[in-house]
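> sequence first, then the predicted structure:
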Amino acid sequence: MKKQKLKWLIPCAAAIFTIGASMTSFAAQGWAEENGSWVYYDNNGDVTTDSWRKSGDSWFYLDYDGQLSTSQLVETDGNYYYVNSVGAMVTNEWREVPSDYEEEDSPDTYWYYFGSNGRAYKAPSSGRTSFKSIKISNGQSNSYAFNYEGKMLFGWIDDSSTRVTGDDAWKEGIYYCGSPSDGARANGWRSLEVMDEPENDDFFDGSYWFYFRSNGKKMTDTTKTINGRKYRFDEYGATQYDWYEDAPNASASTASSSNQYYNLPEQCWQAKGWFKTVPSEELDEEGYDDGTEYWFYASNNGDLVKSRIKSINGIRYGFNEKGEMLHGLYKLTFDSDRNIETYEEVETESELPEVDDASRVYYFGNSPKEGAMETGKTRIDLDGENYTFNFRKSGSKKGEGYNGIYDDSIYIQGRLLEADRYERYKVVEFEGKEYLVSTSGRLVKNRINVKDGDDKYYITNSDGTIKDSGYDKLSR
């Protein structure tokens with residue numbers, strides 16, 4: 001979105017002409033110099049008024065007094081012309097003319113362009129806005145619009161060759177034609193200052209981005225892919241940024257998936273892939289109020305990934321129903337299509353589900369990236385205590401914590417039951433039986449007189465269950 005600064009071509013006088021070189025005051029018909037001004041006598045010997053007369057290759061205008069007009073606009077037969085300092089009609093030139101201040105916001109001067117016949121370009125008889133392509137000093141051609149008086153239009157323009165002014169000009173205008181000294185029709189991207197007070201918008205800086213088609217009309221009430229990126233334009237043409245919530249009664253032209261993100265004002269394109277931001281109030285009121293930033297992932301059509309565990313570049317991530325990436329230890333439930341139905345973060349051991357609970361535990365940690373679903377064994381801190389967890393490495397339940405006896409160890413929703421180093425061995429109850437486990441969490445099988453940290457002895461069976469125990473040595 002690059003704003004182009006343009007330069008005007010301000011030409012010199014159109015004709016190098018000295019009336020005295022081709023006119024004589026002695027002729028009965030023709031030009032005569034009287035009282036320091038030139039007049040023209042017709043074949044009846046009368047002074048010509050309100051008429052054009054030619055001398056050499058140039059045309060000159062005699063006003064209502066018959067005086068030669070110089071350095072001014074001339075209106076005849078509904079057309080506008082300009083005569084230079086020697087009175088010659090200018091052609092193919094821009095001219096800057098002092099304003100008549102008829103309008104409240106009139107500029108000090110207006111620009112006109114006079115074509116090859118000397119007439120100022122002006123709006124067509126239909127009144128509809130049309131543009132003329134005119135080359136400027138750098139050789140570039142730009143398009144310009146003019147009103148019915150030939151004044152170059154600038155700022156916001158409607159479809160009737162009229163300037164649109166006031167605070168809502170950016171809403172009502174169709175074309176944009178720069179400043180009073182510019183006037184070139186906008187084409188492509190343009191950042192423009194507007195009078196607006198959007199609600200709940202911390203990013204509004206007094207301007208919006210607009211996109212103007214090749215015909216000069218601003219893009220409104222639609223989405224469009226430009227240079228490979230998708231943008232959305234509201235009913236007034238302002239480019240959408242931040243969150244977009246689809247209106248319940250949106251028309252076919254504006255309807256799109258809700259909760260799409262369009263980056264911040266300097267970018268505005270629809271987000272694809274990863275982005276981190278504060279959720280909208282409609283999406284997550286609590287997160288919005290707290291100003292909490294979350295990671296989101298948008299598919300190629302801009303829709304957020306929600307209520308899913310999704311593989312992205314070979315790494316699995318979890319997302320809640322708002323599209324926020326899960327980060328930490330969670331107990332999840334799924335529907336028949338493996339959509340995440342419920343989720344709850346686990347922050348203490350007491351919050352872990354029981355072995356027969358419908359929830360299953362997953363861990364979205366920091367390796368190899370933030371939020372990556374971890375598999376295999378890992379140590380997790382819960383409220384200041386470290387616990388060993390083990391998560392499935394493969395299959396349809398990949399990432400789910402083991403639940404039951406696996407690889408000679410007992411897991412309750414992923415958490416390994418193990419003795420600490422002071423206990424040496426620990427008695428754990430699982431499914432109505434007592435087992436003896438070591439500091440590594442392994443089941444102690446077929447052992448006699450295993451002594452724990454309290455000097456208590458144990459005899460275990462081949463499955464690790466406790467056969468006998470006591471503070472004296474035991475025998476089978």
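Perfect, thanks for sending it.

> only C-alpha atoms from now on, for both contacts and neighbour counts.
Noted.

> doesn't residue 458 make contact with residue 466?
Yes. Between residue 466 and residue 458 a contact is recorded at 6.9 Å, counting by CA atoms under 8 Å.

> okay, these two: which has more neighbours?
Using other CA atoms under 10 Å, the more surrounded residue of residue 466 and residue 458 is residue 458, with 25 against 21.

> so what's the more buried one closest to, chain neighbours aside?
Ranked by CA to CA, 6 or more residues apart in numbering and with sequence neighbours excluded, the top spatial neighbour of residue 458 is residue 469, at 4.3 Å.

> can you pull the contacts of that neighbour?
If you count contacts by CA atoms under 8 Å, 6 or more residues apart in numbering, residue 469 has them with 456-459.

> over to residue 452?
By CA under 8 Å, 6+ apart, the residues touching residue 452 are 423-426.

> for residue 475, see how far away it is.
17 Å (CA to CA, to the nearest Å).

> got it, and residue 31?
With distances defined as CA to CA, the gap from residue 31 to residue 475 amounts to 144 Å.

> these two: which is more packed in?
Neighbour count, other CA under 10 Å: between residue 31 and residue 475, residue 31 has more, with 23 against 9.

> could you find the closest non-adjacent residue to that one?
Going by CA to CA, 6+ apart, residue 31 has residue 40 as its nearest residue, at 4.4 Å.

> buried sites along stretch 232-242?
232-233, 236-242 (16 or more other CA atoms under 10 Å).

> helix or strand for the residue nearest to residue 31, which one?
When elements are defined using DSSP states H and E, residue 40 is found to belong to strand 37-41.

> is residue 243 in a bridge, and if so with what?
Residue 243 has these beta-bridge partners by DSSP bridges: residue 261.

> so which residues of the stretch 151-300 of the chain form strands?
With DSSP state E, counting those that start in this stretch as the criterion, the stretch 151-300 of the chain has strands at 156-157, 163-164, 175-176, 188-193, 207-212, 222-226, 229-233, 243-244, 260-261, 273-277, 294-298.

> please identify the most buried of these.
Ranked by mean neighbour count, those are led by strand 175-176 with a mean of 27 (mean count of other CA atoms under 10 Å).

> sheet partners, orientation included, of that strand?
Strand 175-176 sits in its sheet next to strand 156-157 (antiparallel), going by DSSP bridges.

> how far off centre is the strand it pairs with?
On the basis of CA atoms, centre = their mean, to the nearest Å, the separation between the geometric centre of strand 156-157 and that of its chain is 24 Å.

> not counting it itself, show me its contacts.
Counting by CA under 8 Å, 6+ apart, the neighbours of strand 156-157 from elsewhere in the structure are 163-165, 169-170, 173-178.

> the residue nearest to residue 454 when sequence neighbours are not counted: what's it in contact with?
Beyond its immediate neighbours in the sequence, the residue positioned closest to residue 454 (CA to CA, 6+ apart) is residue 423, lying 7.2 Å away. Taking CA under 8 Å, 6+ apart, we find residue 423 in contact with 439, 452-454.

> redo these as JSON lines? Include pLDDT and secondary structure.
Compiled in JSON lines, these are given as follows (pLDDT from 0 to 100; DSSP: H, G, I helix; E, B strand; the rest coil):
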{"residue": "439", "pLDDT": "97", "secondary structure": "coil"}
{"residue": "452", "pLDDT": "97", "secondary structure": "coil"}
{"residue": "453", "pLDDT": "96", "secondary structure": "coil"}
{"residue": "454", "pLDDT": "96", "secondary structure": "coil"}
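
> which one of the residues you listed is nearest to residue 222?
Proximity of the contacts of residue 423 to residue 222, judged by CA to CA, is greatest for residue 439, which lies at 63.7 Å.

> where does the nearest residue to the closest one once chain neighbours are set aside sit: helix, strand or coil?
The shortest distance from residue 439 to any residue other than its chain neighbours is 4.3 Å, reached at residue 419 (CA to CA, 6+ apart). Recorded secondary structure, residue 419: coil (DSSP: H, G, I helix; E, B strand; the rest coil).
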